[in-house]
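> Show me the folded form of this:
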Amino acid sequence: MKPGRLIAVVGPSGVGKDSVMRGINDVLPQTHLVRRVITRAPGLGGEVYDPVTAPQFHAMAENGAFVVHWGAHGLYYGIPVSVRYQLNRGIDCLANFSRKALTAGADAFADFLVLNITAKPETLASRLAARDRETPEEIERRLAQAATPLPKGLKFITLSNDGDLSQTVARAVSVLQPASV
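Just a heads-up that it's a prediction; the model follows:
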């Protein structure tokens, strides 16, 4: 059996990564949504995640609980080793990733694809303001980071999510779904 792909979904804050991932999973239920471990308080919306404290996270990292982990925006994020079980069963896995962790992800997973989701700055600013989690200064910092390029040498697909979510999901599914033979 051919192992599954780890599809690292990246893009700036507010681009709709979690919404696109859920949409892909709704259309392709055979994909697996990776549940990240995050040092974030529980129940803050967006993705479904496993909340832990920073000391718990660091202990987990030291004990090999993550295939890849990183820090960003004052939080820590980890992709649990349990993802390997799904991949070994031939299941494609969608994981919300950070651009700064992509090289480590490419090193860790044999079949690694980046789904780079983009949107215009005005779209991002509107979405960030609507979610009401960041101050105006934090939104400005996040918008400034939106243009950070992907590391070189990665296999990636770029999709715009400025319009209707269902259209973005349909385009994503068409490029991710294995070709029919």
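
> lowest-pLDDT helix or strand in this protein?
helix 136-145 (a mean of 84; mean pLDDT, DSSP states H and E).

> where does the protein dip in pLDDT?
45, 178-181 (pLDDT under 70).

> Which parts of it are strands?
For the chain, applying DSSP state E gives strands covering 6-10, 32-33, 37-38, 50-51, 66-72, 75-80, 93-96, 112-118, 156-160.

> now for those strands, which one comes closest to residue 141?
Set against residue 141 and scored by CB to CB, the strands of the chain come closest in strand 66-72, at 11.5 Å. Placement of C-beta: from N, CA and C, glycine included.

> can you map out the helices along this protein?
For the chain, the helices defined by DSSP state H cover 17-27, 54-62, 83-88, 102-108, 121-131, 136-145, 165-176.

> Verify the contact between residue 150 and residue 114 for me.
Yes: the pair residue 150 / residue 114 is scored as a contact, 6.5 Å apart, by CB atoms under 8 Å.

> hang on, isn't residue 28 packed against residue 173?
Yes: contact criterion CB under 8 Å: residue 28 and residue 173 qualify, at 6.1 Å.

> Next, find the distance separating residue 41 from residue 29.
Residue 41 sits 30 Å away from residue 29, going by CB to CB, to the nearest Å.

> what's the answer for residue 107, then?
Note on residue 107: its distance to residue 29, by CB to CB, is 29 Å.

> next one: residue 38
For residue 38 relative to residue 29 (CB to CB), the value is 24 Å.

> number of nearby residues for residue 100?
By other CB atoms under 10 Å, 13 other residues sit near residue 100.
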